[in-house]
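1. let me see the structure of the following:
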Amino acid sequence: MDYQSVFNLYFYLILVAFLGLILATVIYWKSKSVYDKYEKIRNSKYKKQIIMCYRVGFTAFTIMVFLQYYCQLLGIKRVLIIRHIILTILGWSM
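-> The predicted model follows:
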């Protein structure tokens, strides 16, 4: 088995998935129609805060996915420690 070709396939799949995640993040930031389909959000007096919470949460998720997979491919341990610190600050558990 050629390990370099397996690594390259894994690397490019993760790269394409990450670019798709970035595209989805941009769509979430630009579009308001994504949130208007939910009646609880549409009728809430805190609509802007709820939408901002979803946007920031999805962006944080994108950054965490990037740090996790990219750093696993490169074997960087320091960035994983930074990821743990960011998750601790946000109050999320690993």
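2. quick one, helices of the protein?
-> 3-30, 33-36, 39-42, 47-74, 77-90 (DSSP state H).
3. run the angle between the fourth one and helix 3-30 for me.
-> Think helix 47-74. Going by axes from the mean of the first three to the mean of the last three CA atoms, to 10 degrees, helix 47-74 is angled at 170 degrees with respect to helix 3-30.
4. which other helices and strands contact helix 47-74?
-> Where contact means 3 or more CB pairs under 8 Å, 6 or more residues apart in numbering; DSSP states H and E, helix 47-74 is packed against helix 3-30, helix 33-36, helix 39-42, helix 77-90. Every C-beta, even on glycine, is put in place using the N, C-alpha and C of the backbone.
5. now the first one: how far from the chain's centre is it?
-> Read it as helix 3-30. Computed by CA atoms, centre = their mean, to the nearest Å, the chain-centroid distance of helix 3-30 equals 11 Å.
6. quick check: buried residues in it?
-> I14, L21, T25, Y28 (16 or more other CB atoms under 10 Å).
7. check what pLDDT the second one gets.
-> The one in question is L21. If you check L21, the pLDDT there is 80.
8. give me the number of residues near the residue lying closest to it once chain neighbours are set aside?
-> Closest residue in space to L21, ignoring its immediate chain neighbours: T62 at 5.2 Å, by CB to CB, 6 or more residues apart in numbering. Using other CB atoms under 10 Å, the number of residues around T62 comes to 17.
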